[in-house]
Each structure stands twice: as structure tokens, then as C-alpha cells.
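> Got a sequence here, can you model it:
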Amino acid sequence: KITESARKSLASLKRENPRLEPTLAIIQAHNDDLIQEINKNFAKEVGLRVIHIRLPEGSSKDEIVNEILRLNEDPNVQGLALELPESLYSSKVLNAVKPEKDVDGLSGVNLGRLVRGDACDCLVPPTVCAVMELLEDLGGKTVLLVDAGGVVGAALQCLLQREGAATMSCRWKAPQLRNKLQHADAVIVGSTKPDDVPMSWIKPGTPIISFSRDLLPEKHSYGQQNSHAAENTVGSLAIAMRMQNMVKNTERWIQSQQYRKWDLRCLKLQPLSPVPSDIEISRAQSPKAVDVLAKEIGLLTDEIEIYGQTKAKVRLSLLERLKDQPDGKYVLVAGITPTPLGEGKSTVTIGLVQALTAHLNLNSFACLRQPSQGPTFGVKGGAAGGGYAQVIPMEEFNLHLTGDIHAITAANNLLAAAIDARILHESTQSDKALYNRLVPVVNGERGFSAIQLARLRRLGINKTDPGTLTEEEISKFARLDIDPSTITWQRVVDTNDRFLRKITVGQANTEKGFVRQAQFDIAVASEIMAILALTTSLQDMKERLGKMVVANDKKGEPVTAEDLGVTGALAVLMKDAIKPTLMQTLEGTPVFVHAGPFANIAHGNSSVLADKIALKLVGENGFVTEAGFGADIGMEKFFNIKCRASGLVPSVVVLVATVRALKMHGGGPNVTAGAPLKKEYTEENLQLVADGCCNLQKQIQITQLFGVPVVVALNVFKTDSPAEVDLVCEIAKRSGAFDAVPCNHWSAGGRGAVKLAQAVEKAANQKNSFKYLYNLELPIVEKIRIIAQKVYGAQDIELSPAAQSQVDRYTRQGFGNLPICMAKTHLSLSHQPERKGVPTGFILPISDVRASIGAGFIYPLVGTMSTMPGLPTRPCFYDIDLDPITEQVKGLF
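This next block holds a predicted model:
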């Protein structure tokens, strides 16, 4: 009856979850195989899979615990049971089993829940279930437990008393045993009756139920007159109950995999005036432990990898678990054309999620780029937001984080080394020698690696035996014939180092005269960073890495990372970097920090994977905010490149502006870093603001090209007058913005962005007619022209001969259907940084056209674009220091 009921329940679960294969692991440390045979038979009857781990007899407790800990972390095991000698059933062993996998209900956590009456959260030990099943009409009766101690004894007493029975307990050798036996209405024994205890001590007809640790019936001889049929059925019944527990556990496991409602404890803010420095504010707040935050937002323990106290990687398995969960609302935070004064896009992003979650009780997630250490130690400083709207701890956010950029650097430079080494080896060896080294004899056998077999197939050579290739096939396979003058892959370092902008490699005698000019880029300019930001899975990343074109061969055909045989190694270096990093805001709301592609030559957004995971976690009514670059650069690329890669549809755009930045666009004087602001920026000047709003209006129009509602967030400074703020908001709404809201989150935290959050919530529910700006099937030049004219306001474009040649080459090589990623100054809508406001009538010059095939875009260069920043006369590092006593970082702003 019990196994049939369990079988039906499990069959129902499997119908609802077709890929379900519940697995029970049983650890055995004795030589009795009968119990295992019974377990397997019952499991088979119910439809469960059993893994039998047989440890040597005499195994120590530590060895048992190590095996338990291994199975605890195995995501394919839903239940864990123990079959051990009596001496090994210690609290250390029993409590090592994860409560959620404890099908025998023997852990202290499980017993505590049982005693408290939390029936829905605990499993009754199978032995106890069996005993209770066999006892009837317990109300008002007295039950004696003899040698029934430990967890099983405690659970029995608890359940018996709950059923209205009075319980007594003693050992076989206890002086009061005879008296208790004579008054008992039922006897439960946990060990063999000694011969010196006569059956006459027990009232005739008293039910006697025996059990032991191994769940099998003990062979007692209590005398025919006192025997009870139950005595010989406890063992099998208990194993059936174990299987029933396993089915219950499977049901709970399925429920645990479903979306969980957030139970977020927000952190309180007490803003000070005047506002202290960013690092002082960050230090004054005590962040939650990251595992606590993860649990609050519905992450499972096996979905996070903790780095210290405040950072954790989130595994991509979550996407499979929540694949049926509807996405939340997708919000892009962009800005007007940037100025040296800064608009505060990251600060608005953080303030917005703090307002949504800590003040409006709506689930929200901020997704930010990881900052490069180049600007952190150079001139820009950190990128964690600012004031009372920032990510904490800000020093960890701005420095190494979880090492993703270092992983990209290692992968990028491995590929760079592979290119030069391959050219050297091909130039100094015959076809035969080269082939013998590429496909060596190992332990007397010679074979192609998997990536070499893939190259053979691409070459049309359908052979797997290295000894069968012809001389022509050997040459074709072994030689890439890279043209050194076409190498586009550069080495990278995450430091602003202007003296690496042009270098010479190969000057040592060992490189045999192979000398060429090269360069270093900043690490975040690597195509691998762009791939990390656009990839949708580990498999997708691996394929993209393989497609990266690093040069052309001497016939003009592309040479890829896959051709060099390095794809698998690159994927290994990037296997942890692909996981987003979980952090938190000052008010304890969650943040993903992931990827940081160079905004000028790549798309400048955080990762697709961070967005996808966050959209699942916030739930259907939640919000995910992504901080992009200025609307004409970051937003355009977000829509045309990132949204194509992800398939996600944005709900609303938040366009960030400041009064003083608008004044600059209206014709205000130039600003020098470190110098006091001129009076135009600190005193009311409505005409200058009105003139500068032309840039805000243009950016609203650009947003409307994509059919997405736009909310203007006016980042308020203390020097802004109420009239200036009102003017900007009025012009913005008149120009087509859904709403325009002044924000004070920098000085007040989330409370200062509540009106913005309310406006975003309303706008996200508006009709959305999102569309891309251009069709991918259009020619490359036409796609460039559409962006230049519709977004930048150019009259036309003009390609240099070199740019036109590259366009022709990429079209011939089959790359013409990729989206466009314009590499242009962000400081103006035009190609001239000094032209503020809304320039018109200009011809946009395209000096060169390059391709990131792995990332999946063509990037035209507008003028000259530096991919390696330099240090200023007085870099930020003058102010950065470490306190050797407290180990606290000083000077990060």
C-alpha cells in the first residue's frame, strides 16, 4: 500500500517534470548486502534511482563525513541515507547530512523541526513511521520504550505523546524494568531482549514492536503468547517508508527549484549634511553577508560561489531552473551627450533601484559594468555610483572584484602569444617537421586533438588517422600562412600606459629576426570582453571565442582563434568570468557587476547574462536597470547590438541630464579638471539652460526612434535653482518624454529618487512598440549611413579608401550581415568633441572599418580612436593609500 502510493505520487511528479530523475544515495559501511538489495528492490518498485556507495568496513567517521559532504554538493542527488554500524551514528555524522537531503530524518535540524511541530518542513524517520503505522488506538494508553534512545527514540516519544499516549522509557538493565513492563499497553524495543528478562513480566497480548538501526527486524523469541505480527514487518515497512520520504523530498526539491518570493531586508540609511566622501559613506554602512542577500532574493545555496564576505559569483544553472519564470521590466539608464562635468548615470541607476526596492517595495536589480583599473588609478576614479547611491564595498567594486578582467587579460594574451609563436614556427620548419610537432606520438600512439579534427573538417579533409594525410593535406593542415601585416589582435593590460601604444616585438635573438610593430590596448578593449558582455551561455561563449578573427592569411582569408587551436584553452580561462558577480547597494538591494566593454570601440553595456538572470530573479513585476553610455552611443548600441544578441525587449529608457551639463551644451565655457567652476555653472542662467536643452530634446528623439517610452531623470545639484529645474522638466515633457523628474538620490539615497521610480513604474506599463533602427541585411555602408543621419544628425558619411577596402573585404568574407558598433567620440553628436549641443550639416568621416567577428559586430572608426589611455600629470594614485594597521584603502573617490 505504501510503495504503491509512493509510486503513483512519483509518477505524477514525473509527468509534470519530464526530465526529473530523483536519485537516492545510500552510504554503506558494513558487509551486509541484504539491506541494500531490499532498498534497491523497493526503489525500483517506486521508480527511484539509487546510488550505492559502499565504503570499507572499519571506515572512520571522518571518511563517512567526507563522503556525505561530497554528496551534499552533488546537484543530481536529492536524497541521502546512511547504513552504518551502530558506533558510527554520532551527531557529527548525522548532522553532516544537509537537512534538505536527509530522507531518514536523523539530523538535529530535522528533529528540531519535528519536535516544534513543523510537519511541512521535516521528515519523520522511516523507523518511527513504521512503528506508528503498526500501533493503533493510542489515546490514553501507556507505551514503554526500551533501549530506544537517540534521534529515533526522541522522535517516537514526540509522536506518541502527540497521539495521546503516555510514554515511559528505560534500559533492559534498569531496576524498574519489571514494574514498567507490567504497566505498559505496548512495548517498543530498540535492541535484543536479554535472556534474563522473562516474558512473564509482560502482560499477555501486549503488542511488542522491535526495530534496530539497520531497519531490519530483530530475531527475538518473546514467546508465542506475547508475540505480535508487527514484530516481523518493521524492517520492510521502514524501508518502504524511506522510499515514501524520498518521494516527499523530491516534491520539496521541485518546489525549491521554483521561483521564490523575495524576503529582502533593506539597510537603513541616515544621510548626513554636508554629504561625506563616497568612501566614508561606504565605510559607514555595514553590508549584509552575500550569502544572506542571495537567500533573500531566491538564490539556492548551490547557485552561488562566495568570494569573501560581500561578493559572490552566480552560476548560470539558475537560468535553466527559472526558464519558465516570466521576465521583469527591462530599464535602460542612458544620458545626454556626456560632458567633463559628468551626468551621473551610474548614480541614477543605483538611486533608482534603492527607491524601487527599499521605498516602493518592488523587486529590482541594478546591472553595472565592472570598472577598469586604468581609469581608477588614472583620472576618472571609481564607477560605483556616488554619495548615498552607490555599490558597497566601493573599494572592492573598483579594484580586482572577482578577477574577471585578469581572466580576460590572460586569455587575450595567450591568443596573442599563439599568433606570434605560430608565425615563428611556420617560418623555421618544413611541412613535415611542423606536422610532426603539431601531431606528436604520445605513449606510442598518434592522434589528432578534438580541435584539430574540427579544423580538418573545415578544410574538407575527412580523415582521422594522422598517418593517412597526403603531403598536400599535411601542408594545408599545418600551415596557417598568417600575413603579419594584417594582424589585428593586440596584447592588453589593465593599466593606463601610453608608452605601450606602439611597441616592437621579437627583438630577442631567439626569435630569429621575426620583428614586427605591435601595440597594447587597455584590457577592457579586448574583443574577449565584448564577447563576455554579449554571450548567452558557456557554449555560445566558446563558439564566439573560436570565431574571433585575428589576422588574414596570405590569400586574404580570415584566420581565427579556432584555426590556432586555442579556443578550448580560452574557454577554460574564462569559465569563472562568465558568471555575474553579486553585490549590494547602500540600502541592501542587489546588484550584478559583470563585464565592462570599452564604450568607444565596443558597445559599452554590462552583460546579457547578468540581465537575463536578474530579469528572472525580480519576477514579472520587478525591474532590472542597466546603465548604458550616452543615448547616441550606449543606448543605440544597447538596442541594435545587445538586444539583438539577447532577444530582450526594453520597457523604458531613463535619460539622465544635469542643469550644468545642459548649460555647457548651451554654450557655457569649457571646464578644466580640478579648477573651480565658472559662475555660469553656479548661478542661475535660464537662457543658457534653455539653449542647452536642444541636446536633451535630440536624445529624446533618438529614444523615440526605437519606440520605447522615455523618462528624464534630472540629477539635481545644490547650485541648481528651482526655476532651472522646472524649465528642464517642462521642456523635456514638451519634447515627448513620458515624464521628467528631479532626483536627489546623491544626497538622500533611494528616498530622493522615489518620484523617478514611480514615473518609471508607470512608463514601463505603457504600450511599447520597440523596433531596431536598421535591417541587418542592408549593406554595411548603408547601415553606417542610417546611424550617422538618424542618430547623430549628419548630412552624410565619407569613407576613406582604406575603410571602403575593409568594407569590401568583410562583405566578401561573409560578415556583411553583422550589426554596426560605431567607434566615435562620446563628447559630441558629431566626430568633433568640441561641438556641443546639436551639430548639423556635418559629413561624418569613416577613417577605417574593423570587425569583432566573435563578439558579432563591425566597428567603423570615426577619426582616430585611442584604445590605450594615458596617465595625466597628476593621476588618482597620488591619493590612494593603504593603512597598514586597519588594512583599509584610502583615497578612492
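
> mind checking how far Thr142 is from Asp497?
For Thr142, the distance to Asp497 equals 85 Å [CB to CB, to the nearest Å]. No exception for glycine: its C-beta is placed from N, CA and C like everyone else's.

> Phe877 now?
Phe877 is 13 Å from Asp497, by CB to CB.

> Compare these two (neighbour count), which wins?
Asp497 (16 against 12; other CB atoms under 10 Å).

> So what's the model's average confidence on the helix or strand containing Glu761?
Under the criterion of DSSP states H and E, Glu761 resides in helix 754-764. Helix 754-764 carries an average pLDDT of 98.

> Tell me which residues are up against that helix.
Here helix 754-764 makes contact (CB atoms under 8 Å, 6 or more residues apart in numbering) with 329, 331, 348, 351-352, 355-356, 359-360, 362, 623, 651-652, 654, 709-711, 713, 738-739, 741-743, 745, 750.

> so of the residues you listed, which ones are in helices?
The helices, defined by DSSP state H, take in 348, 351-352, 745 from these.

> For those, pick the one with the most neighbours.
Gly351 (38 neighbours).

> residue contacts, the residue nearest to that residue when sequence neighbours are not counted?
Of all residues not flanking Gly351 in the chain, His745 sits nearest, at 2.6 Å (CB to CB, 6 or more residues apart in numbering). His745 is in contact with 347-348, 350-352, 354-355, 387-389, 751-753, 756, counting by CB under 8 Å, 6+ apart.

> With respect to Thr470, which of these is nearest?
Closest approach between these and Thr470, by CB to CB: Ile350, at 63.0 Å.

> do you know how far the closest one is from Leu892?
Per CB to CB, Ile350 is found 16 Å from Leu892.

> Could you check which of the two is surrounded by more residues?
Using other CB under 10 Å, the more surrounded residue of Ile350 and Leu892 is Ile350, with 34 against 22.

> returning to what we had before: most neighbours among the contacts of His745, which one is it?
Within the contacts of His745, Gly351 tops the neighbour count with 38 neighbours, counted by other CB under 10 Å.

> unless I'm mixing things up, that one is touching Val741, no?
No - the pair Gly351 / Val741 is not scored as a contact, 11.2 Å apart, by CB atoms under 8 Å.

> buried stuff in the strand ranked longest in the chain?
The longest strand of the chain (DSSP state E) is strand 843-852. Within strand 843-852, the residues that count as buried by 16 or more other CB atoms under 10 Å are 844-852.

> could you dump those residues to a markdown table with pLDDT?
Shown next, in a markdown table, are the buried residues of strand 843-852 (pLDDT from 0 to 100):
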| residue | pLDDT |
| --- | --- |
| Leu844 | 96 |
| Pro845 | 96 |
| Ile846 | 96 |
| Ser847 | 94 |
| Asp848 | 93 |
| Val849 | 94 |
| Arg850 | 93 |
| Ala851 | 93 |
| Ser852 | 95 |
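
> related to what we said a few turns ago, what are the buried residues along the helix holding Glu761?
Quick answer for helix 754-764 (16+ other CB under 10 Å): 754, 756-761, 763-764.

> which residues in the stretch 451-600 of the chain form strands?
Assigned by DSSP state E, counting those that start in this stretch, the stretch 451-600 of the chain shows strands spanning 491-493, 503-505, 516-518, 520-522, 549-552, 558-560, 581-585, 590-593.

> From the chain's centroid, how far away is the second one?
Think strand 503-505. Counting by CA atoms, centre = their mean, to the nearest Å, strand 503-505 is centred 38 Å from the centre of its parent chain.

> Contacts for it next, please.
Residues outside strand 503-505 that contact it (CB under 8 Å, 6+ apart) are 420, 515-520.

> One more: the longest one?
Under the criterion CB under 8 Å, 6+ apart, residues 287-288, 290, 293-294, 299, 304, 307, 310-314, 350, 353-354, 366, 370, 385, 389-392, 396-397, 401-402, 404, 590-594 lie in contact with strand 581-585.

> Just the residues you listed: which are in strands?
304, 307, 311-314, 366, 385, 389-392, 590-593.

> which of those residues count as buried?
With burial judged by 16+ other CB under 10 Å, the buried subset of those is 304, 307, 311-314, 366, 385, 389-392, 590-593.

> what's the closest of those residues to Ser830?
For those, the nearest to Ser830 is Gly385 (29.8 Å; CB to CB).

> and the gap between that closest one and Val379?
For Gly385, the distance to Val379 - CB to CB - is 18 Å.

> do Lys268 as well
Taking CB to CB, one finds Lys268 at 35 Å from Val379.

> for Leu80, same thing?
Taking CB to CB as the criterion, Leu80 is separated from Val379 by 56 Å.

> what about the closest residue to Arg7 other than its chain neighbours, neighbour count?
Closest residue to Arg7 apart from its sequence neighbours, by CB to CB, 6+ apart: Val46 at 4.9 Å. Other residues lying near Val46 total 25 when counted by other CB under 10 Å.

> Verify the stated contact: Val46 with Ile2.
No - assessed by CB under 8 Å, Val46 is found out of contact with Ile2, at 9.4 Å.

> Please enumerate the shared neighbours of these two.
Both Val46 and Ile2 are in contact with Met243, where contact means CB under 8 Å, 6+ apart.

> Closest one of the ones in helices among the contacts of helix 754-764 to Thr867?
Nearest to Thr867 among the ones in helices among the contacts of helix 754-764, with distances taken as CB to CB, is Val348, at 27.9 Å.

> can you tell me which residues contact the closest one?
333, 389, 627, 654, 656, 713, 715, 743, 745, 753, 756 are the contacts of Val348 under CB under 8 Å, 6+ apart.

> Go ahead and name everything in contact with stretch 725-743.
Defining contact as CB under 8 Å, 6+ apart, one finds that stretch 725-743 is touched by 348, 351, 652, 655, 657, 659, 662, 686, 689-690, 693, 696-697, 700-701, 704, 709-716, 752-753, 755-756, 759, 762-763, 766.

> mind listing the helices in the stretch 751-893 of the chain by residue range?
For the stretch 751-893 of the chain, the helices defined by DSSP state H, counting those that start in this stretch occupy 754-764, 780-786, 801-812.

> Looking at these, which is nearest to Pro860?
Of all the helices of the stretch 751-893 of the chain, it is helix 780-786 that lies closest to Pro860, at 5.4 Å by CB to CB.

> quick one: buried residues of the closest one?
For helix 780-786, by 16+ other CB under 10 Å, it's 780-781, 783-786.

> Could you export these to a markdown table, including columns for pLDDT and distance to Gly190?
Converted to a markdown table, these look like this (pLDDT from 0 to 100; distance: CB to CB, whole Å):
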| residue | pLDDT | distance to Gly190 |
| --- | --- | --- |
| Ile780 | 97 | 81 |
| Val781 | 97 | 86 |
| Lys783 | 98 | 79 |
| Ile784 | 97 | 82 |
| Arg785 | 97 | 86 |
| Ile786 | 97 | 82 |
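
> Nearest to Pro207 among those residues?
Closest to Pro207, out of all of the buried residues of helix 780-786 and judged by CB to CB, is Lys783, at 85.1 Å.

> which stretches of the stretch 251-400 of the chain aren't confidently modelled?
In the predicted model of the stretch 251-400 of the chain, residues 380-383 satisfy pLDDT under 70.

> I figured Lys432 was touching Ile474, is that so?
Yes - Lys432 is in contact with Ile474 according to CB under 8 Å; the separation is 7.0 Å.

> These two: who's more crowded?
Ile474 (19 against 12).

> Pull up the gap between Ala6 and Gln789, please.
Taking CB to CB, one finds Ala6 at 69 Å from Gln789.

> per-domain residue ranges of the protein.
1-216+226-256, 287-402+579-765, 405-574, 780-862 (the TED database).

> Deepest-packed of the ones you listed, please.
Stretch with highest mean neighbour count among those: domain 287-402+579-765 (a mean of 22; mean count of other CB atoms under 10 Å).

> Distance across that one, terminal residue to terminal residue?
33 Å (CA to CA, to the nearest Å).

> same question, stretch 54-66
Stretch 54-66 has an end-to-end distance of 13 Å (criterion: CA to CA).

> all helices of the stretch 101-250 of the chain, in order?
Counting by DSSP H, counting those that start in this stretch, one finds helices in the stretch 101-250 of the chain at the ranges 108-116, 126-134, 150-162, 177-183, 234-257.
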